[in-house]
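**Student:** predicted model follows, preceded by the sequence.
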4 protein chains.
Amino acid sequence: MIEFVKGTIDYVSPQYIVIENGGIGYQIFTPNPFIYKERSQETIFTYHHIREDAFSLYGFSTREEKALFTKLLNVTGIGPKGALAILGSGDPGAVIQAIENEDEAFLVKFPGVGKKTARQIILDLKGKLADVVPEMIENLFNHEERLEKQTAETALEEALEALRVLGYAEKEIKKVLPHLKEEIGLTTDQYVKKALQKLLK
Amino acid sequence: MIEFVKGTIDYVSPQYIVIENGGIGYQIFTPNPFIYKERSQETIFTYHHIREDAFSLYGFSTREEKALFTKLLNVTGIGPKGALAILGSGDPGAVIQAIENEDEAFLVKFPGVGKKTARQIILDLKGKLADVVPEMIENLFNHEERLEKQTAETALEEALEALRVLGYAEKEIKKVLPHLKEEIGLTTDQYVKKALQKLLK
Amino acid sequence: MIEFVKGTIDYVSPQYIVIENGGIGYQIFTPNPFIYKERSQETIFTYHHIREDAFSLYGFSTREEKALFTKLLNVTGIGPKGALAILGSGDPGAVIQAIENEDEAFLVKFPGVGKKTARQIILDLKGKLADVVPEMIENLFNHEERLEKQTAETALEEALEALRVLGYAEKEIKKVLPHLKEEIGLTTDQYVKKALQKLLK
Amino acid sequence: MIEFVKGTIDYVSPQYIVIENGGIGYQIFTPNPFIYKERSQETIFTYHHIREDAFSLYGFSTREEKALFTKLLNVTGIGPKGALAILGSGDPGAVIQAIENEDEAFLVKFPGVGKKTARQIILDLKGKLADVVPEMIENLFNHEERLEKQTAETALEEALEALRVLGYAEKEIKKVLPHLKEEIGLTTDQYVKKALQKLLK
């Protein structure tokens, strides 16, 4: 529910940092707390972790790093602490590279990651980190995916993604795609509306 | 608990938007994220969805759209994602019209809505959407309901509704109604007090 | 956790009101929503009700009314809706008077309160509403209790209550009471410290 | 999640205090509410206690007092109320001294602490309160621990602690320690980065 907190770093400890916003101190667990300096202004992108007996905020300096954390969390065998340790390497690009290159030897160096979990990470995430990769590590991906990623920024691709999120099946989307491709220069919202008109006709 | 969030749209993605209020970014799932533009000022009416392992905010541009979402959620077989997809059509009036006219063929076009769920929607919601309908779609309702809806705005009708919410049975309310009708020009609060005096005598 | 919300009334409906604080709209269920006027400034004292699938705020215009709601909630057979209906009478004094005078006939008039619940209310709450009673209804209590209630405001009584809250048994408190009574004009905090010195000696 | 609340004390009662921040009143249970004066400005360090049917804030005037409360909570047989009663003595130093000196007779004086719980407190916490001790009670510890505690403030020690939090085993940390000790005047963050390079080589 809470996606970021802007404020002043009030306290840094090995376990967590505290950021103040409007007189409230938020406790946030981060991969490496010591990259933050007390009294500095920061925006921390947060993953709001809810359990029956604890609410915790896990924090990251970029949305991409948070997206990678969220993807790691969905891998069987990896909890918040394990995902934090992997990101604690401070080099998300190296982690993504190891996953794309199926480099188990690198992944097992992380605390709590054995052979089985390393294989599970590769199985679950290889090829699915395009939207997580910060722009500067594009060369990690083979040529076609990078081309496909470039078009991802276009309004049409965003609209198709929005339709997928709404639950429309690929085959339904494929049926309306030709009509959408005839249109030029629409905004994402206009593409979505155009598609829905066809889908709900 | 959180009924709306006022702020600046910080981020728009196919899955959700992020709205900033007082330095806190709130992640909100909406039917069509791309109707919102980054850096625009908005008021998003929110449905606060609580589960054991996640708190989510579902957001809408009007209270009526949110009320329709809430009513859809109460239909067996429809969860937040399904209700969001139905509202994703961007035309709540068309959805209400389909329900009032028992138009199953229209409803089954929505992702995740088969024949059984379409019938359940009609069974549960037909005739019960008067308070949800934005003023501009009044002609959807037959003559008597529209008259009844017009009086709904009067203080007396609001007072009767408040008594129902407090749990007073229809037959108890009917007993005090004649006394209330003798009164002229009372505010809703005065009608409620007058009725309670009779009910608790 | 949230004990009051100060802000502007944004919306009043038969079911609930919405109060805006810092751009966030809080949905609050109150005994009689229509005592509030849109755009008026209010302080609403809230009972934060937590269930596995819903967080709700129940709101009252005074701490005493909220205290009475909380006490009613602890009576077997009464949930938030029932307690709200009892307070919906808009006359907490009459409710307290009925409890003190064991007036079952009055209590059963409330929606959802049958003979059994009425007797349970009297059994659980009679004689235990001194701290709830707003000053103006003091005559509800017999002479000794009113005297005792007057001393309740004194620092000593508050200190004894604080020790009870910390878990000290009556017999331990009785042992230190003579020493405390020898002291004159201490603040509540000083009485507590004096007592703890004796208790932890 | 909420680590502190800054604001104005609005209400003090034997059970809890209410502190106002931005028009919201936060209810906080504290060891001795009467040390706070209404209308005074305070920063209360909070322990956010989450249960299925209640969220509560337990509050303290220093981070050390809150750390001691958190450690007491982890002792089998001690809940928030019991830990609050122990801190209610208003003298955390005396409590720590009793634990370090295995002074059961002192500990059993606290409400709800019998022989068994007193022994459990000593078993679980003796020697593990170095990071909790406010600077002014250093003499509670024997000479070596105090020396070790002085170096704790240095960047290297903080970095080693950060690696432990990330899950690296002592034997892995011991392997990289000699390399780190060759470095002079690094910040904690630089030590962490240097260590991770070695660990992930």
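**Tutor:** Good, I have the coordinates. Numbers count the residues shown, from 1 in each chain, chains lettered A, B, ... in the order given.

**Student:** name all residues that make contact with the closest residue to residue A:161 other than its chain neighbours.
**Tutor:** Spatial nearest neighbour of residue A:161, chain neighbours left out: residue B:14 (3.8 Å); criterion: Cβ to Cβ, 6 or more residues apart in numbering or on different chains. Where C-beta positions appear, they are placed from N, C-alpha and C, glycine not excepted. Residues in contact with residue B:14 (Cβ atoms under 8 Å, 6 or more residues apart in numbering or on different chains) are A:158, A:161-162, A:164-165, B:33.

**Student:** buried subset of those residues as a PyMOL selection?
**Tutor:** To isolate the buried subset of those in PyMOL, counting by 16 or more other Cβ atoms under 10 Å in any protein chain shown, use the following:
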select buried, (chain A and resi 158+161+162+165) or (chain B and resi 33)
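
**Student:** which stretches of chain A form strands?
**Tutor:** For chain A, the strands defined by DSSP state E occupy A:2-12, A:17-21, A:24-29, A:41-51, A:54-60.

**Student:** need these in TSV with mean neighbour count, mean pLDDT and distance to residue B:81, can you?
**Tutor:** Output for the strands of chain A, formatted as TSV (neighbours: other Cβ atoms under 10 Å in any protein chain shown; pLDDT from 0 to 100; distance: least, Cβ to Cβ, whole Å):
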stretch	mean neighbour count	mean pLDDT	distance to residue B:81
strand A:2-12	19	97	19
strand A:17-21	22	97	31
strand A:24-29	22	97	29
strand A:41-51	18	95	18
strand A:54-60	20	94	23
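
**Student:** from chain D, how far off is residue A:121?
**Tutor:** Residue A:121 sits 15 Å away from chain D, taking Cβ to the nearest Cβ, to the nearest Å as the criterion.

**Student:** excluding its backbone neighbours, what's nearest that residue?
**Tutor:** For residue A:121, ignoring the flanking residues on the chain, the nearest one in space by Cβ to Cβ, 6+ apart is residue A:75 at 5.3 Å.

**Student:** ok so, going back, and the contacts of residue B:14, which is closest to chain D?
**Tutor:** Nearest to chain D out of the contacts of residue B:14 is residue B:33 (Cβ to the nearest Cβ; 26.4 Å).

**Student:** which residues touch the closest one?
**Tutor:** Contacts were defined as Cβ under 8 Å, 6+ apart; by that measure residue B:33 touches A:162, B:12-17.

**Student:** quick one: which of the residues you listed sit in helices?
**Tutor:** residue A:162 (DSSP state H).

**Student:** name the nearest of the contacts of residue B:33 relative to chain C.
**Tutor:** Checking the contacts of residue B:33 against chain C with Cβ to the nearest Cβ, the nearest one is residue B:17 at 15.8 Å.

**Student:** list the contacts of the closest one.
**Tutor:** By Cβ under 8 Å, 6+ apart, the residues touching residue B:17 are B:9, B:11, B:27-28, B:30, B:33, B:36, B:44, B:59.

**Student:** as JSON lines, the strands of chain A with distance to residue A:109 would be great.
**Tutor:** Output for those, formatted as JSON lines (distance: least, Cβ to Cβ, whole Å):
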{"stretch": "strand A:2-12", "distance to residue A:109": "26"}
{"stretch": "strand A:17-21", "distance to residue A:109": "25"}
{"stretch": "strand A:24-29", "distance to residue A:109": "21"}
{"stretch": "strand A:41-51", "distance to residue A:109": "24"}
{"stretch": "strand A:54-60", "distance to residue A:109": "21"}
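
**Student:** right, and residue A:10 touches residue A:23 too?
**Tutor:** No: with contacts counted by Cβ atoms under 8 Å, residue A:10 stays clear of residue A:23, the gap being 10.7 Å.

**Student:** any idea how far the one residue in chain A that gets nearest to chain C lies from residue B:77?
**Tutor:** In chain A, the residue that lies nearest chain C is residue A:22 (7.9 Å; Cβ to the nearest Cβ). Separation of residue A:22 from residue B:77 (Cβ to Cβ, to the nearest Å): 42 Å.

**Student:** flag every residue of chain A that's near chain C.
**Tutor:** Applying Cβ under 8 Å from any Cβ of the partner chain, we find that chain A lies next to chain C at residue A:22.

**Student:** picking that back up, out of the contacts of residue B:17, which is nearest to chain A?
**Tutor:** Checking these one by one against chain A (Cβ to the nearest Cβ), the nearest turns out to be residue B:27, at 4.0 Å.

**Student:** the residue nearest to the closest one when sequence neighbours are not counted: what's it in contact with?
**Tutor:** Leaving aside its sequence neighbours, residue B:27 sits nearest to residue A:3 (Cβ to Cβ, 6+ apart; 4.0 Å). For residue A:3, the contact set (Cβ under 8 Å, 6+ apart) comprises A:45-46, A:48, B:11, B:18, B:25-27.
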